[in-house]
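In: please work out how this folds:
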Amino acid sequence: MTLKKTLKTSFKDGLMANNSFYLGDYLDLILWLDASDASTIIDTTTPTQVEQWNDKSGNGFTLSQSTSINQPIYDSVNKSLLFNGTFSIISSTDTALLDAFQVANANTVFAVAEFSTSANEFLCLFSSGKDFFNRYNFTRRLTTDRISPSYYNGAAFVGNSIGIINATSVFDRNAVFTSTYDGSNFDQFRVDGTNYTSTAAALDVGSGSGKFSLGVDQADEQFLDGSISEIIVFNRVLSNAEIASIESYLINKWGVSI
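Out: Purely as a prediction, here's the structure:
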């Protein structure tokens with residue numbers, strides 16, 4: 001899929017404006033979830049409880065949660081979705097979105113999110129599993145003090161393992177996370193523009209399938225205690241210059257201290 005959108009970004013309500021930045025100038029944009037755009041948040045039944053989060057990439061993906069008790073909360077002040085660490089989750093079953101996270105497919109992921117200090121062993125930012133042989137997870141693990149993306153092919157972890165160790169340095173604040181995966185290995189894992197690599201063992205990936213889910217490892221029910229402000233996904237590995245440009249945009253937009 002080759003896409004080129006003409007989406008102009010302009011942000012108000014205390015967020016940094018950047019009228020010269022065009023996210024759609026980058027080819028192969030697959031998913032763009034932006035909590036600063038309240039028009040993409042549907043909470044009509046119970047105010048602040050998010051029933052639906054609409055994609056801005058132009059591909060028409062929709063994440064939804066119909067069960068009231070499982071709906072994340074929309075924080076209209078900080079422009080984020082809040083996940084309570086016990087049952088908040090919002091998902092899509094669209095196969096085109098799941099395809100972007102198959103083990104053999106390249107991708108670049110940007111996430112603006114906050115991991116709260118928590119006694120939970122695992123905090124899962126998001127997971128995607130098209131079937132048993134294609135499973136992706138983006139998780140913090142307490143005992144190793146580590147945040148990392150992982151792939152599993154049904155029998156073993158795929159490729160290398162990268163991530164940030166001493167992850168408590170980014171707890172309880174918004175941070176910009178970036179990962180690139182070339183279809184075989186993770187090339188980079190970056191936090192607030194700094195690249196981190198390590199050889200620690202990959203995190204466990206659950207055995208669920210059929211959903212792209214924010215706030216949970218869909219198989220093992222490892223929930224996120226924290227918040228998500230923005231998710232951007234491309235179905236290719238972006239160049240270093242492209243990554244730096246988008247990271248700069250996100251850091252400035254969300255007022256991240258580096």
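In: so after the helix or strand where Phe189 lies, what's the next helix or strand?
Out: Using DSSP states H and E, Phe189 falls within strand 186-191. Downstream of strand 186-191, the next assigned helix or strand under DSSP H and E is strand 194-196.
In: can you tell me what sits against the helix or strand just after that following strand?
Out: Sequence order places strand 211-214 as the next helix or strand after strand 194-196, per DSSP H and E. Contact with strand 211-214 is made by 33, 53, 63, 72, 81, 83, 89-94, 97-98, 101, 125-129, 218, 224, 228, 231, as judged by CB atoms under 8 Å, 6 or more residues apart in numbering. Where C-beta positions appear, they are placed from N, C-alpha and C, glycine not excepted.
In: picking up where we left off before, show me how far the strand holding Phe189 is from its chain's centre.
Out: 13 Å (CA atoms, centre = their mean, to the nearest Å).
In: ok, it: who's next to it in the sheet?
Out: Applying DSSP bridges, strand 186-191 is found paired with strand 175-181 (antiparallel), strand 194-196 (antiparallel).
In: of those, which is nearest Tyr249?
Out: With CB to CB, the closest approach to Tyr249 among the strands paired with strand 186-191 belongs to strand 175-181: 9.5 Å.
In: mean pLDDT lowest for which of the strands paired with strand 186-191?
Out: When the strands paired with strand 186-191 are compared on average pLDDT, strand 194-196 comes out lowest at a mean of 87.
In: what residues of it count as buried?
Out: Tyr196 (16 or more other CB atoms under 10 Å).
In: what's that strand in contact with?
Out: Here strand 194-196 makes contact (CB under 8 Å, 6+ apart) with Ile162, Gly163, Ile164, Ile165, Gln188, Phe189, Arg190, Ile258.
In: cool, thanks, talk later.
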